[in-house]
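>>> Got a predicted structure here, sequence first:
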Amino acid sequence: MNPFVFLIDILLQLYISALMLRIILQIVRADFYNPVSQFIVKITNPLVKPMRRIIPSLWGIDMATLVIVLLLEVVKTLVVYGVLPVDWLIIKSFIETINLVLSIFLYAIIIQAILSWVNPDPRNPVVGLLNSITWPVLKHFRKLLPDMGGFDLSPIFAIIAIMFVQQSILYLFGMLLGG
């Protein structure tokens, strides 16, 4: 891969991830005054604020930010793969967006599990955001699993489930594209 294409791909992916994290933090109602939340809002506001004048929120989802994510995924796909048929471009961008959402939850659960081994300060802003992001996913697994005497196995099962969904989506996408 061309090093400049690689650099553009990485920078776009980082910004798209920040935008998607903004959406997730809004959906899970994370602390807006958390310094990490404030950072994400500040770096994404230049694109989000103007779009919000055009595209309203719907069902509690920031549709303006979601549209920006999808458009940037299209740009990233064009930069990395070149010109593709429009239907492939749209499907690939949509699949990448879903995969990004799943990856954010996956990494948040992994990081939270690792941090739980060192007993971090609960007032740490990152710990608070990780709890906000992972709680909606982990609470379902905690309900299903029996009490294990102080061991929380819900992150393991959540990670397996997320990875299964990711692999299923990639498999279906491959089938869609005839691969």
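Structure's in. What do you need? Every value quoted in this text rests on a predicted model; they were computed, and no experiment measured them.

>>> from here on, contacts and neighbour counts on C-alpha atoms
Will do.

>>> Spell out for me which residue occupies the centre of this structure.
The structure's the chain has its C-alpha centroid closest to V101; by CA atoms, centre = their mean the separation is 3.0 Å.

>>> Can you tell me the element that one falls in?
Using DSSP states H and E, V101 maps to helix 86-118.

>>> C-alpha coordinates for the following helix or strand past that helix, CSV please?
Counting by DSSP H and E, the next helix or strand C-terminal to helix 86-118 is helix 125-144. The C-alpha coordinates for helix 125-144 follow below in CSV (Å, rounded to 0.1, in the frame of the first residue of the first chain):
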residue,chain,number,x,y,z
PRO,A,125,-12.5,9.8,33.6
VAL,A,126,-11.6,6.9,31.4
VAL,A,127,-12.9,4.4,33.8
GLY,A,128,-16.2,6.2,34.0
LEU,A,129,-16.6,6.3,30.3
LEU,A,130,-15.7,2.6,29.9
ASN,A,131,-18.3,1.8,32.5
SER,A,132,-20.9,3.9,30.6
ILE,A,133,-20.1,2.2,27.3
THR,A,134,-19.8,-1.4,28.5
TRP,A,135,-22.8,-1.5,30.9
PRO,A,136,-25.5,-1.7,28.3
VAL,A,137,-23.8,-4.8,26.8
LEU,A,138,-22.5,-6.5,29.9
LYS,A,139,-25.8,-6.2,31.9
HIS,A,140,-27.5,-8.7,29.5
PHE,A,141,-24.7,-11.3,30.0
ARG,A,142,-24.7,-10.7,33.8
LYS,A,143,-28.4,-11.6,33.9
LEU,A,144,-27.8,-14.8,31.9
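
>>> pLDDT averaged over helix 125-144 - what is it?
In this model, helix 125-144 has an average pLDDT of 91.

>>> mean confidence for whatever helix or strand comes next after it?
As assigned by DSSP H and E, the chain's next helix or strand after helix 125-144 is helix 154-176. Model confidence over helix 154-176, given as mean pLDDT, is 91.

>>> ditto for stretch 77-90
According to the model, stretch 77-90 has a mean pLDDT of 83.

>>> quick one on the thing from earlier: can you pull the contacts of the residue nearest to the centre of the chain?
Contacts for V101 (CA atoms under 8 Å, 6 or more residues apart in numbering) come out as M20.

>>> same deal with the one 4 residues further on?
For F105, the contact set (CA under 8 Å, 6+ apart) comprises 133-134.

>>> Next one, pLDDT for it please.
Per-residue confidence (pLDDT) for F105: 97.
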